[in-house]
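Chemist: Coordinates only, no sequence provided:
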């Protein structure tokens, strides 16, 4: 999400501006009280008396002087009233503390962001103003809203400094920043919300100090040691604050569309007719043809951009992985050729013999190696809030991401790749997996969100076609969480390289849409009209260009899934899991080791099995949500077919409620993989609860009431289909094993619970309880009819117990129960209230499109999902 601190005004160009500029909101400084800001030389010391011969000085964006333990900034007049982006990160993290469920508090994590200006004030003062780009008016006419917006948005002064001296050339101002930097403030250090989330208390000044300040042409870096309290503990961090000069001429923005997955930054547009409109600019690099290549570009010839996107590999990276990381970056060159640019993005090793090269220099994008136990990687980006231009990125590659790559590949791909059937992969295989991660993370730094719906557009049968996956890969987007081709079966002979995801059709399209140079639009609406037609035509041409990544429960929008049919894909996946379990002891065997790896990979199998079940579960009761414009004319809401839902219920009957004996491998349990039986019972119980609970009625009622009866699927049918599988032993009077007894007990308990609580609460006002009560009655009659035939003790005792429970429930429901008052708030009626969308950095109510604007952490699902 976009970082916003306070308010700022965006001023549109005048009506005689160029076409290119007309889309760009330009900044307008808010009015200030008229004061005499002339520096009074008579009260200032001479420059040489302040910046003495002891000074160690360095030139850069800000000229920095160090005199013993004090630091002075010499700020040139050309920098006064210019916008500076301040980005604060953890450089070295405090030991042993990882807030936010362990996914924060590492080296490289961002802890704050501000836009500031140095401004001169009265009485020989220099101020820092915090600047926001949230409220916008383009209309500077007499009756326009610009004046009102300006008057309502005075920028706060967040720091004040005494001017110590004037530069010898009269074009610079000297201030002492030592105390400000040695102290604690939210401009250079922790954002207050982040600090609170980390549980940090007060700064310990005697245990904090400035390490160094380094200045480069476009940025100045402040490195400090800060010690804070955390309850009775002391936590010490090394923090880095980057002051980056924003471009003098902001890039022409491209405006966000929900049908193409870019991160975005937003503002409130007060020029909208009859209200305020939220407009969003996508985040992207400034790629433009050189002047001498304009004609070639417009003729469709490939040209090199004025300034390519270059990533450097951290010198601390193990040498054997460097070529794979470079390949992972360079893989994006093909996509940018679709946008008309060649050699637009590439990677190179950091220069070993250049003493001026620094990983902290904002001119350098770096893939940073981190010796961390976290199994993850991330691709953050820093962008200009005025235009969405990406200015810099540091991709975080954590060393232990290799472990989770091995685990996933072993579980998903080892049936098809003998190289994956061991605990230590060859460097060539691990290198390919590292390349995949790098390509994904660099995609985030290019502005791309995840596209979890990409894999949905491919028929499952195509994933078993050797020729199809060789040409197209198994997913149209590297930005999906489509890890490895678990659908492929050994007999399909899919090549090893075709088991691993790569850049696909959607990625090419998204880069072209975001980066194609399109000058000449006069207004935002002109651009949106053009882009709308382009998107509609592209989706009609190739459905693999479909994007969706909203938080709504759309069956197509799922992480870790493959193909257009979760039932078919999950069935193939389970076949491969059965192969893994059958060979697990041999494939995890390591000389002179115990069974730790065996136990770990057995648990990974269970996690993967859970994922397949989750994918199918989403097809029951949920709906498709497709972003549309009126020109498309399609439905925003649509529903899975009746047959798709019934096949999903049948999947649970066959693959879960029919005891998955393959999972309960006695030999593996004897080797220490304990809990297999308990795991099976727990999984069965969890999914059965989700299927039967009254909330499922709430979902299915949309399917039932918004489709023709012969195409819909309702809650009554759901229970009937579940019963046909869960209680099938009653028809043939077969013995009921322990697993089935547990499933049947859970089913009965869920029905009884639903009726009991439903009749005294809100659920009593709809059909759910009525349907549940009917199934209780029917099931009671079935059990009574079957019981006389049962002879084995376990089954008979089990059925007698359930008969008595059902009878007790029926008797209770015959009695009159007092009706409880129905209390429903206005928020409960519509399902969602007016909560602000927030993040660690967002303190406004501006809605933010897409995901967090920082790039992405590679998420973690309930089991082991990573790579955000």
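Modeler: Noted; the coordinates are in hand. In this text the structure is predicted, and so the values were computed from the model without any measurement.
Chemist: a helix runs through residue 238, doesn't it?
Modeler: No: per DSSP: H, G, I helix; E, B strand; the rest coil, residue 238 lies outside any helix segment and is strand.
Chemist: Find me the pLDDT at it, would you?
Modeler: For residue 238, the pLDDT comes out at 93.
Chemist: show me the contacts for it.
Modeler: Contacts here follow CB atoms under 8 Å, 6 or more residues apart in numbering; on that basis residue 238 touches 90-92, 211, 223-226. Bear in mind the C-beta positions are built from the backbone N, C-alpha and C, glycine included.
Chemist: can you list the weak-confidence ranges in this structure?
Modeler: Residue ranges of the chain with pLDDT under 70: 1-42, 100-103, 136-153, 272-273, 275, 550-552, 673-676, 759-765, 815-868.
Chemist: was I right about residue 303 contacting residue 291?
Modeler: No: judged on CB atoms under 8 Å, residue 303 makes no contact with residue 291 at a distance of 10.9 Å.
Chemist: Comparing these two, which residue is more hemmed in?
Modeler: residue 303 (22 against 8; other CB atoms under 10 Å).
Chemist: Who is that one paired with across the strands?
Modeler: residue 341 (DSSP bridges).
Chemist: separation between it and residue 519?
Modeler: According to CB to CB, to the nearest Å, residue 303 stands 15 Å off from residue 519.
Chemist: do the same with residue 638
Modeler: 38 Å.
Chemist: same deal with residue 680?
Modeler: 62 Å.
Chemist: Neighbour count: the two, which is higher?
Modeler: When residue 680 and residue 519 are compared for neighbours, residue 680 comes out ahead with 20 against 13, by other CB under 10 Å.
Chemist: which SSE is that one in?
Modeler: Assigned by DSSP states H and E, residue 680 falls within helix 676-692.
Chemist: who are the neighbours of that helix, in terms of helices and strands?
Modeler: Judged by 3 or more CB pairs under 8 Å, 6 or more residues apart in numbering; DSSP states H and E, helix 676-692 is in contact with helix 596-617, helix 642-652, helix 666-670, helix 715-726, helix 738-758.
Chemist: at 10 Å what do you get?
Modeler: helix 596-617, helix 642-652, helix 666-670, helix 694-705, helix 715-726, helix 738-758 (3 or more CB pairs under 10 Å, 6 or more residues apart in numbering; DSSP states H and E).
Chemist: what angle separates that helix from helix 642-652?
Modeler: With axes from the mean of the first three to the mean of the last three CA atoms, to 10 degrees applied, the angle from helix 676-692 to helix 642-652 works out at 150 degrees.
Chemist: Could you identify the helix or strand that succeeds the helix or strand hosting residue 194?
Modeler: If you go by DSSP H and E, residue 194 is part of helix 192-197. Next along the chain after helix 192-197, taking DSSP H and E as the criterion, comes strand 209-215.
Chemist: burial of residue 476, as a residue count?
Modeler: Using other CB under 10 Å, residue 476 has 30 other residues around it.
Chemist: do the one 10 residues further on as well
Modeler: By other CB under 10 Å, the residues close to residue 486 number 31.
Chemist: just checking, it touches residue 571?
Modeler: No: using CB atoms under 10 Å, residue 486 makes no contact with residue 571, being 11.0 Å away.
Chemist: shared neighbours of the two, anything?
Modeler: Residues touching both residue 486 and residue 571 (CB atoms under 10 Å, 6 or more residues apart in numbering) are residue 612.
Chemist: OK, contacts around residue 749?
Modeler: 685, 688-689, 692, 802, 805.
Chemist: at 8 Å instead, please
Modeler: With contact taken as CB under 8 Å, 6+ apart, residue 749 is in contact with residue 805.
Chemist: List the residues that contact the spatially closest residue to residue 775 that is not a sequence neighbour.
Modeler: Closest residue in space to residue 775, ignoring its immediate chain neighbours: residue 719 at 5.0 Å, by CB to CB, 6 or more residues apart in numbering. The contact partners of residue 719, taken as CB under 8 Å, 6+ apart, are 692, 771-772, 775.
Chemist: Those residues into CSV, with extra columns for distance to residue 358, secondary structure and neighbour count?
Modeler: Formatted as CSV, these follow (distance: CB to CB, whole Å; DSSP: H, G, I helix; E, B strand; the rest coil; neighbours: other CB atoms under 10 Å):
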residue, distance to residue 358, secondary structure, neighbour count
692, 60, helix, 24
771, 68, helix, 22
772, 67, helix, 27
775, 69, helix, 22
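Chemist: about what we covered before: deepest of the helices and strands packed on helix 676-692, which one?
Modeler: helix 596-617 (a mean of 21; mean count of other CB atoms under 10 Å).
Chemist: Next, the angle from that helix to helix 676-692.
Modeler: When the same axes, to 10 degrees is applied, the directions of helix 596-617 and helix 676-692 differ by 10 degrees.
Chemist: C-terminal to helix 596-617, what's the next element?
Modeler: Assigned by DSSP H and E, the successor of helix 596-617 is strand 624-625.
Chemist: Which strands and helices lie in contact with the helix or strand following that following strand?
Modeler: Helices and strands here follow DSSP H and E; after strand 624-625, the next one along the chain is strand 637-638. Helices and strands touching strand 637-638, by 3+ CB pairs under 8 Å, 6+ apart, are strand 624-625.
Chemist: what sits up against the strand it packs on?
Modeler: Residues contacting strand 624-625 (CB under 8 Å, 6+ apart): 548, 550, 552, 554-557, 636-640.
Chemist: need those residues in CSV with distance to residue 507 and neighbour count, can you?
Modeler: As requested, the contacts of strand 624-625 are exported to CSV (distance: CB to CB, whole Å; neighbours: other CB atoms under 10 Å):
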residue, distance to residue 507, neighbour count
548, 15, 20
550, 19, 14
552, 23, 11
554, 21, 21
555, 23, 25
556, 18, 22
557, 17, 23
636, 26, 10
637, 28, 12
638, 26, 14
639, 29, 22
640, 27, 22
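Chemist: which one of those is nearest residue 605?
Modeler: Sorting those by distance to residue 605 puts residue 555 at the head of the list, at 24.0 Å, by CB to CB.
Chemist: how near is the closest one to residue 484?
Modeler: 21 Å.
Chemist: now residue 600
Modeler: Residue 600 is 18 Å from residue 484, by CB to CB.
Chemist: next one: residue 236
Modeler: The gap separating residue 236 from residue 484 is 41 Å, by CB to CB.
Chemist: more crowded one of the two?
Modeler: Ranked by neighbour count (other CB under 10 Å), residue 236 and residue 484 place residue 484 first, with 24 against 15.
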